[in-house]
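Asks: below are the sequence and a predicted model for it; my questions follow.
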Amino acid sequence: MWLEFVRGGEPWEPYDGVGGSTLLLGPETGIARGHRAEQLAVWESRYPAYG
């Protein structure tokens, strides 16, 4: 998946900032939805997205 991305492909759906998919790289590589959502919610309440 990583090599496909580096070569210009899109092996997973784009991150939308609202619990979208995230590519996890490590001992267990794969796609995670809502990865670290609880931890990131703290930052979202302090620094809301503009737009």
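Replies: Noted; the coordinates are in hand.
Asks: now do the strands in this structure.
Replies: 21-24, 30-33 (DSSP state E).
Asks: which strands and helices sit next to the first one?
Replies: The reference is to strand 21-24. strand 30-33 (3 or more CB pairs under 8 Å, 6 or more residues apart in numbering; DSSP states H and E). The C-beta positions use only the backbone N, C-alpha and C, and glycine is treated the same way.
Asks: so which residue is dead centre in this protein?
Replies: Centroid-nearest residue in the chain: Thr22, 2.8 Å away (criterion: CA atoms, centre = their mean).
Asks: surely it and His35 touch.
Replies: Yes - assessed by CB atoms under 8 Å, Thr22 is found in contact with His35 at 4.3 Å.
Asks: how close does Leu23 get to Leu3?
Replies: Note on Leu23: its distance to Leu3, by CB to CB, to the nearest Å, is 12 Å.
Asks: neighbour-wise, which of these two wins?
Replies: The residue with more neighbours, out of Leu23 and Leu3, is Leu23; 15 against 8, by other CB atoms under 10 Å.
Asks: ok, the residue nearest to the centre of the chain to Gly30 distance?
Replies: 10 Å.
Asks: do Ser21 as well
Replies: Ser21 is 10 Å from Gly30, by CB to CB.
Asks: before we move on, what about Val42?
Replies: Distance from Val42 to Gly30, by CB to CB: 25 Å.
Asks: the more surrounded of those two?
Replies: Gly30 (12 against 9).
Asks: for the chain, give me the ranges with low pLDDT.
Replies: 15-19, 45, 47-51 (pLDDT under 70).
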